[in-house]
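Undergrad: need coordinates for the following:
(one chain, ligands or ions: 1)
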Amino acid sequence: MWKGYEALPSYFGGKRKLARRILSYAEGKVFIDAFLGGGSVSLLAKAKGFKVICNDIAERSRIVGKAIIENKNKKLTDYDIYSLFKETDNNFIRDNFPNLALEKDVKFLDNAFANAKTDLQKLLLIKFLFKYKPFSMLSNKVPKDLSNCNLKVIKPHLKYMFKPIRTLKRIKEQINYGIFDNGQDNEFHQKDVFEFLRNVKGDTIYFDPPYAGSQSYEEFYNILDSILMQKKIPVKKSKFNSAEAEKFLHRLLDESMHIKKVIFSFGGPKIDGQQLLKIVQEHRPAELYEIKHKWSITASKEQMQTATEILVVTK
Ligand SMILES: C[S@@+](CC[C@H](N)C(=O)[O-])C[C@H]1O[C@@H](n2cnc3c(N)ncnc32)[C@H](O)[C@@H]1O
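TA: As a prediction, this is how the structure comes out:
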């Protein structure tokens, strides 16, 4: 797989494996990614020379959008790493998520998140946290003494915390690899998608909304989101996870009629390609592509699953 992706956090529902296929349908010079998520499609579009305009409502995605998609040349330095270690009186993780990390490691994380001033540093810490705990284990339910956990899964991840500087330097290199100038002024917006659509102009728009019937991003990433904001965030699920999700898919299509090409991807447990094709065809002529691919829900290869992804592309 393309090395540039290593700059990005692994993301629930991320489209690394589909990005080339998705972009093969893109037309024109300006590519819009209305649900950036972990950034895989936008980053590949950037590498292919499109002007990328991306959007996501979440802080975790804002960090990716600013640090990687908009960023042309500002790289992480060793100083950015060392400055994370300054002592602070921050105890947010210790006080709110006491079982998230081993006691001796919590102080480092609390210092680091208090010291992180730039989006590049925050991205470094998100990736570090995911290495320490693959994102499906970013749960407050992990018992403190680890005695009841599946040690085979957890142990390899603990080593990252024992040598944080070495690990952080390795992640720094990965992130820096994904920072480049493609000759365009790429943009990130942090808006609800319908507000974003009101003013955005471009040639192709890609929609990868959350899927009704899947766990919401707000629940899945609640601990991470709270750590990033340094306050406990109540879970407010996206409207795309609601029972009325279909209505919002129609609205996405209605409100993007000014954009020539629309590419939709859908995944999740209960996907009916024909039904989704019908939704899109109520607005424009479109074609359906069903693609089987393997995806990983954790950093561990054991938890690979096969999923069918659906692309609906307008003609
Ligand atoms: C399926 S993910 C996108 C994954 C992305 N294509 C990737 O490759 O990583 C869906 C994203 O939609 C965002 N989202 C949910 N509701 C939204 C809304 N109303 N407006 C904008 N973004 C929203 C979530 O934060 C999440 O990052």
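
Undergrad: how about the residues of this structure by the ligand?
TA: 11, 13-15, 35, 37-41, 56-58, 61, 192-193, 208-210, 217, 238-240 (Cβ under 6 Å from any ligand atom). Using the backbone N, CA and C atoms, a C-beta is placed for each residue, glycine as well.

Undergrad: could you redo the last one with a cut-off of 5 Å?
TA: With Cβ under 5 Å from any ligand atom as the criterion, the chain meets the ligand at residues 11, 13-15, 35, 37-38, 40, 56-58, 61, 192-193, 208, 210, 217, 238.

Undergrad: shaky segments in the stretch 51-200 of the chain?
TA: Within the stretch 51-200 of the chain, the segments meeting pLDDT under 70 span 136-137, 139-162.

Undergrad: still on that earlier bit, please produce a ChimeraX select command covering the buried subset of the residues of the chain next to the ligand.
TA: Command for ChimeraX that selects the buried part of the residues of the chain next to the ligand, burial taken from 16 or more other Cβ atoms under 10 Å:
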select :11,13,14,15,35,37,38,40,56,57,58,61,193,208,210,217,238
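
Undergrad: doesn't Leu197 make contact with Ala34?
TA: Yes - judged on Cβ atoms under 8 Å, Ala34 makes contact with Leu197 at a distance of 7.1 Å.

Undergrad: shared neighbours of those two, anything?
TA: With contacts taken as Cβ atoms under 8 Å, 6 or more residues apart in numbering, Ala34 and Leu197 have Leu252 as neighbours in common.

Undergrad: quick one: secondary structure of Ile32?
TA: Using DSSP: H, G, I helix; E, B strand; the rest coil, the secondary structure recorded for Ile32 is strand.

Undergrad: for Gly38, same thing?
TA: When classified by three-state DSSP, Gly38 comes out as coil.

Undergrad: how far away is it from Gly65?
TA: With the distance defined as Cβ to Cβ, to the nearest Å, Gly38 ends up 10 Å from Gly65.

Undergrad: strands along the stretch 51-200 of the chain, start to end?
TA: Under the criterion DSSP state E, counting those that start in this stretch, the stretch 51-200 of the chain contains strands at 51-55, 187-189.

Undergrad: out of those strands, flag the one nearest Tyr177.
TA: Each of the strands of the stretch 51-200 of the chain was scored for nearness to Tyr177 using Cβ to Cβ, and the closest is strand 51-55 (17.7 Å).

Undergrad: given that closest one, what are its sheet partners and their directions?
TA: Strand pairing for strand 51-55, determined by DSSP bridges: strand 30-33 (parallel), strand 187-189 (parallel).

Undergrad: so what touches it?
TA: Outside strand 51-55, the residues that touch it by Cβ under 8 Å, 6+ apart are 29-36, 39, 42, 45-46, 65, 69, 184-191, 193, 196, 200, 202.

Undergrad: what's the closest of the strands of the stretch 51-200 of the chain to Gln230?
TA: Go through these one by one with Cβ to Cβ and the one that ends up closest to Gln230 is strand 187-189, at 21.2 Å.
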